[in-house]
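No letters, just coordinates:
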Ligand SMILES: Nc1ncnc2c1ncn2[C@@H]1O[C@H](COP(=O)(O)OP(=O)(O)OP(=O)(O)O)[C@@H](O)[C@H]1O
Ligand SMILES: [Mg+2]
């Protein structure tokens, strides 16, 4: 489903991705961890085409991304639903319009259209948004303005919006970083239910190792732009965690093969 080969990226001379090789199968759920600055967001942003790598290739759903071809980028982004830490919703607009904006492909392209009303969208899109709101447990909030919702509810709206475009892959960059423990658990359960029921491949950047252990069978860890752990979650013992999070040149990274 996702193939990353020899991926390299530098920002201002600093090597942020130092030759990443990663394969994620269709329907798999993978947690991406690693210290701050290790390149997790950059990796996610090369997969969705927002960061252009210096070297290496990425393919999603069997299609290699051609970063110089706007049509190729458009095709890739259509396949990918994004979930962010700060939800990236249009706060002063209704829940339903935010969800329907997912049908426009990219939210920032549709922003000006968002000022228009529910009537801008087709009947089919309105129905689909309602179905998805019901799926995420917000059927009674369709007409509510987003800025009246709790953080957990906002993340549900963002998830419904991502599903609106019928993605093959969900990329979630710290989806629970701004939520309390209870809302965090519910959001993680929802993401995993989507992964299992809808067979949508999931890659989630997470800082909470408890959430990783509770919800994922495979963990990939980045350290200084390289993958230093890629294995079953049960192999993520204290020693490995120390390796991943200790910035110490002396400690050698352990590149375990995903044995699952
Ligand atoms: N657009 C950019 N321009 C310059 N430097 C950048 C850019 N994006 C990221 N970086 C740098 O690349 C490095 C990796 O950043 P990245 O955001 O990928 O880390 P991260 O693992 O997601 O960290 P965090 O856990 O804090 O979110 C950092 O040193 C960051 O400052
Ligand atoms: Mg990040």
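On my side now, so go ahead. Not measured: the values here are computed from a predicted model. Ligands and ions are numbered 1, 2, ... in the order given.

CA atoms for contacts and neighbours, from now on please.
Will do.

show me where pLDDT drops low in the stretch 101-250 of the chain?
Under the criterion pLDDT under 70, the flagged ranges of the stretch 101-250 of the chain are 105-119, 247-250.

can you give me the strands in it?
Taking DSSP state E, counting those that start in this stretch as the test, the strands found in the stretch 101-250 of the chain are 169-173, 201-205, 218-223, 226-232.

Report the distance from the last one to the chain centre.
Think strand 226-232. When distances are taken as Cα atoms, centre = their mean, to the nearest Å, strand 226-232 is centred 18 Å away from the chain's centroid.

still on that earlier bit, same list (the strands of the stretch 101-250 of the chain) but as CSV, adding mean neighbour count and distance to ligand 1.
As requested, those are arranged in CSV below (neighbours: other Cα atoms under 10 Å; distance: least, Cα to the nearest ligand atom, whole Å):
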stretch, mean neighbour count, distance to ligand 1
strand 169-173, 24, 8
strand 201-205, 25, 8
strand 218-223, 24, 8
strand 226-232, 22, 11
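
now these as JSON lines including distance to residue 136?
Supplementary listing: the strands of the stretch 101-250 of the chain in JSON lines, determined by distance: least, Cα to Cα, whole Å:
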{"stretch": "strand 169-173", "distance to residue 136": "15"}
{"stretch": "strand 201-205", "distance to residue 136": "17"}
{"stretch": "strand 218-223", "distance to residue 136": "25"}
{"stretch": "strand 226-232", "distance to residue 136": "29"}
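
Bridge partners for residue 30, pull those for me.
residue 203, residue 218 (DSSP bridges).

Run a quick neighbour tally on residue 56.
Taking other Cα atoms under 10 Å as the neighbour definition, residue 56 ends up with a count of 14.

what packs against the helix ranked longest in the chain?
Identified as the longest helix of the chain according to DSSP state H is helix 181-197. Contacting helix 181-197 under the criterion 3 or more Cα pairs under 8 Å, 6 or more residues apart in numbering; DSSP states H and E are the following elements: helix 151-164, strand 201-205, helix 209-215.

packing partners for the first one?
Okay, so that is helix 151-164. In terms of contacts (3+ Cα pairs under 8 Å, 6+ apart), helix 151-164 is packed against strand 80-84, helix 95-101, helix 123-135, helix 181-197.

among the ones you listed, which is nearest ligand 1?
Ranking the helices and strands packed on helix 151-164 by proximity to ligand 1 (Cα to the nearest ligand atom) places strand 80-84 first, at 11.0 Å.

and residue 139, how many neighbours?
When neighbours are counted by other Cα under 10 Å, residue 139 comes out with 16.
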